[in-house]
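S.K.: model this:
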Amino acid sequence: FPAFGGVVTAIIGGLVVGPLCGSQLTIKGPAAGLIAIAIASVEMLGQGNNFNGYRYTLAVIVFASAIQIIIAWFKLGRFVDFFPASVVHGMLAAIGIIIFSKQIHPLLGVKALSKDSIDLLIEIPHSLVTMNPEVALIGVTSVLVVIFATTIFGRIARYFPGPLLAVLAGVGFCLYFDFQHPHDYKWYSLNYFIDDKYLVSIPQNFLAGVTFPDFSQLFSMTSLQFVLMFALIGSLEALLTSKAVDGLDPYKRKANMNRDLMAVGFGNLLCGFVGGLPMISEVVRSCANVSYGARTRWANFFHGAFLLIFVVLLAPVIHLIPIAALAGVLCVTGYRLAAPKHFLDRKEIGSEQLIIFTVTIIGTLMTDLLVGVFLGIVTKVLVCAFLGAPIKYLFRPVRAEQECADSGYLITLPEVCSFANVISFKRAIKRSRGYAVTCDFSRTILVEHTFMKQVRELEQDKERSVNLIGLDRLVPVSGHSAATRRIVPENLAKTSNLAKDTFVQN
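M.R.: Sure, this is the predicted structure:
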């Protein structure tokens, strides 16, 4: 894909998809998650002619976007709630490590030799030894400005956030060191070279980059294979990112996943017709968006609007920005996503959550995001089994409900309450229509952390009263309020009759 492909997707993601999407703080645009599929599609469909492969792939994206819209139309976006909390947090932490591993090298002015995240981390000492001092000075300054912006600049940082000040400082360094004109310089008797390859570059003729799809190969088996891959994997990554960013929202808002996927599908339809890369909810920019004070989906709109203005009218200004300055901003974002406190938070909830969290991180770093998430879910199932949950009960939905005019709404929970039945639990709560809710845990032998997290959120709902019966039979694995709870032998004798009697008395 040409560079134009990424730019046009980010612009459409902001100007068109931003006002339509169902999430408040996600940024829509191209992302690394679909690069491998895009490369394979171009190469296999092009058969040696990359431009033809590019146009065939655009047709694939158009068809895949129609499938995304159908998925959203049938309201299948709710299945994102299936993914365990520690797996989602592990995904975010892994992405933070990936961001850091990729950006630390341009921060130092070194072109990395590796592509894999693990190898990139191993390569850091080599980059430190071979760094370009002037470029590294810009990168390190960028990191310090982002971290200490509020301390150094006080109230000014409220209107000019750290990343923007870091970029402006980078422009100052660019002019001072004369990056625009190739030259050598000496540092401690060693020679280094500087030129504009260390600066941001964008297409000079923006509109000339528009390319239309070629549908002539759309119904070949190869094309249909990539249609399914783009539609399913793209949808899953977009929804997972929206779910993860919901956890970062300081206002605790929840995205409308079906509306969000519908908007992404519509955006992909436009991208495919004009030459853009496939679009998802982009986790790096979304996390940066939250970190620096975004409050509504209009941040996404202005992301696209400013990008359009800059690439069309202010290309020479963009060309003054050192890549190292942007890399510094992203290194801080990556660190914040994978900071040690996240490991400590998982440990506080329970050792088993730390294991799931860590497996997801390692799986994602060694393979890719979806494989890492799958390994995290498998680990979660094994942990539940280890804690005493029979596998046959793990995926049993929440079904038993009873509505009483006087007492409210009774939901009888199954033997195992886990991430696998959070969807049916939320559906049951939604059907309560504001009634007082009584949750009967009298038959339950295990309440897993993800489910317990939903219970605690339900308790904080000010629109309804909540009564939990039988939950005190279960012993938490830690002192955290949302820790996994399981039955102990001496409490096995207690039956659901107590809960039903209490419900009737109330």
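S.K.: And the average pLDDT for the one helix or strand residue 285 maps to is what?
M.R.: Residue 285 is part of helix 283-291 when elements are defined by DSSP states H and E. Averaging pLDDT along helix 283-291 gives 82.
S.K.: Which helix or strand lies directly C-terminal to that helix?
M.R.: helix 298-313.
S.K.: mind listing what's buried in that next one?
M.R.: 299, 300, 301, 303, 304, 307, 308, 311 (16 or more other C-beta atoms under 10 Å). Where you see a C-beta, it was placed from the backbone N, CA and C, and this is true even at glycine.
S.K.: ok, now stretch 83-90?
M.R.: For stretch 83-90, burial by neighbour count (16+ other C-beta under 10 Å) applies to 83, 84, 85, 86, 87, 88, 89, 90.
S.K.: among those residues, which are in strands?
M.R.: Assignment to strands by DSSP state E places none of the buried residues of stretch 83-90 there.
S.K.: Out of these, which is nearest to residue 158?
M.R.: Residue 158 lies nearest to residue 89 out of the buried residues of stretch 83-90, by C-beta to C-beta, at 29.2 Å.
S.K.: Could you pull up the residues touching the closest one?
M.R.: 244, 247, 342, 346, 357 (C-beta atoms under 8 Å, 6 or more residues apart in numbering).
S.K.: Per-residue pLDDT of the nearest residue to residue 356 once chain neighbours are set aside, please?
M.R.: Nearest residue to residue 356, sequence neighbours excluded (C-beta to C-beta, 6 or more residues apart in numbering): residue 86, at 4.3 Å. Confidence at residue 86, expressed as pLDDT, is 91.
S.K.: Out of the contacts of residue 89, give me the two with the largest separation.
M.R.: The distance between the two most remote of the contacts of residue 89 (C-beta to C-beta) is 14.7 Å, for 244 and 346.
S.K.: Poorly predicted segments of the stretch 201-350 of the chain, please.
M.R.: 203 (pLDDT under 70).
S.K.: how does it look with 80?
M.R.: 201-209, 229, 233, 283-284, 291-292 (pLDDT under 80).
S.K.: How about residue 261: what's its closest non-neighbour residue?
M.R.: Residue 261 sits nearest to residue 72 (C-beta to C-beta, 6+ apart), 4.1 Å away.
S.K.: In terms of secondary structure, what does the helix or strand harbouring that neighbour contact?
M.R.: Under the criterion of DSSP H and E, residue 72 resides in helix 50-73. Applying 3 or more C-beta pairs under 8 Å, 6 or more residues apart in numbering; DSSP states H and E, we find helix 50-73 packed against helix 35-46, helix 221-246, helix 257-274.
S.K.: Show me what the longest one is packed against.
M.R.: Applying 3+ C-beta pairs under 8 Å, 6+ apart, one finds that helix 221-246 makes contact with helix 35-46, helix 50-73, helix 85-107, helix 257-274, strand 280-282, helix 283-291, helix 369-386.
S.K.: Where does the prediction get shaky in the stretch 401-506 of the chain?
M.R.: Across the stretch 401-506 of the chain, residues meeting the criterion (pLDDT under 80) sit at 401-408, 432-435, 461-464, 488-506.
S.K.: Can you list the residue ranges for helices in it?
M.R.: 422-431, 449-459, 496-505 (DSSP state H, counting those that start in this stretch).
S.K.: The nearest residue to residue 241 once chain neighbours are set aside and residue 22: what is the separation?
M.R.: Spatially, and ignoring its direct neighbours in sequence, residue 241 is nearest to residue 281 (3.9 Å; C-beta to C-beta, 6+ apart). Counting by C-beta to C-beta, to the nearest Å, the gap from residue 281 to residue 22 is 10 Å.
S.K.: overlap in contacts of the two?
M.R.: Contacts common to residue 281 and residue 22, judged by C-beta under 8 Å, 6+ apart, are 242, 260.
S.K.: between these two, who's got more neighbours?
M.R.: residue 281 (31 against 20; other C-beta atoms under 10 Å).
S.K.: The more buried one touches residue 264, doesn't it?
M.R.: Yes. If you go by C-beta atoms under 8 Å, residue 281 and residue 264 touch, sitting 7.0 Å apart.
S.K.: Could I get the average pLDDT for stretch 148-162?
M.R.: For stretch 148-162, the per-residue pLDDT averages 78.
S.K.: Measure how far that stretch is from the centre of its chain, please.
M.R.: With C-alpha atoms, centre = their mean, to the nearest Å as the basis, stretch 148-162 stands 27 Å off its chain's centre.
S.K.: before we move on, what about stretch 142-159?
M.R.: 26 Å.
S.K.: buried sites along that stretch?
M.R.: For stretch 142-159, a neighbour-count test (16+ other C-beta under 10 Å) marks 142, 143, 144, 145, 146, 147, 149, 153, 157 as buried.
S.K.: again with stretch 232-240
M.R.: Using 16+ other C-beta under 10 Å as the test for burial, stretch 232-240 gives 233, 234, 235, 236, 237, 238, 239, 240.
S.K.: what does stretch 196-205 give?
M.R.: 198, 199, 200.
S.K.: List just the nearest of the residues you listed to residue 424.
M.R.: residue 200 (48.5 Å).
S.K.: For the helices and strands packed on helix 221-246, state which one has the densest average packing.
M.R.: strand 280-282 (a mean of 29; mean count of other C-beta atoms under 10 Å).
S.K.: Which strands border that one, and is each parallel or antiparallel?
M.R.: Taking DSSP bridges as the criterion, strand 280-282 sits next to strand 27-29 (antiparallel) in its sheet.
S.K.: for the record, mean pLDDT for the partner strand?
M.R.: Averaging pLDDT along strand 27-29 gives 92.
S.K.: What are the contacting residues of that strand?
M.R.: 6, 9-10, 12-14, 17-18, 21, 263-264, 267, 279-282, 285-286, 289, 299-300, 303.
S.K.: Quick check: end-to-end length of stretch 467-484?
M.R.: 19 Å (C-alpha to C-alpha, to the nearest Å).
S.K.: tell me how far it is from the chain's mean position?
M.R.: Here stretch 467-484 is found 29 Å from its chain centre; the criterion is C-alpha atoms, centre = their mean.
S.K.: buried ones in it?
M.R.: Here stretch 467-484 shows 467-471, 473-474, 476-478, 480, 482-484 as buried, counting by 16+ other C-beta under 10 Å.
S.K.: what residues are up against residue 475?
M.R.: Residue 475 is in contact with 485, 486, 487, 488, 491, counting by C-beta under 8 Å, 6+ apart.
S.K.: tally of neighbours for the closest residue to residue 173 other than its chain neighbours?
M.R.: Excluding the flanking residues, the one nearest residue 173 by C-beta to C-beta, 6+ apart is residue 138, at 4.7 Å. Residue 138 has 28 neighbouring residues, counting by other C-beta under 10 Å.
S.K.: so residue 138 sits in a helix?
M.R.: Yes. Under DSSP: H, G, I helix; E, B strand; the rest coil, residue 138 sits within a helix.
S.K.: do you know how far it is from residue 322?
M.R.: 5 Å.
S.K.: which residues are common contacts for the two?
M.R.: The contact sets of residue 138 and residue 322 overlap at 170, 173, 174 (C-beta under 8 Å, 6+ apart).
S.K.: The first one reaches residue 327, doesn't it?
M.R.: Right, the one you point to is residue 170. No. When contacts are counted by C-beta under 8 Å, residue 170 is not listed as touching residue 327 (9.8 Å).
S.K.: so what's in contact with the two at the same time?
M.R.: With C-beta under 8 Å, 6+ apart, residue 170 and residue 327 have common neighbours residue 142.
S.K.: Just the strands from the stretch 401-506 of the chain, written as ranges.
M.R.: Taking DSSP state E, counting those that start in this stretch, the strands of the stretch 401-506 of the chain run over residues 401-404, 408-412, 416-417, 437-440, 446-447, 466-469, 474-476, 485-487.
S.K.: For the fourth one, name the packing helices and strands.
M.R.: For strand 437-440, the elements it packs on are strand 408-412, helix 449-459, strand 466-469, helix 496-505, judged by 3+ C-beta pairs under 8 Å, 6+ apart.
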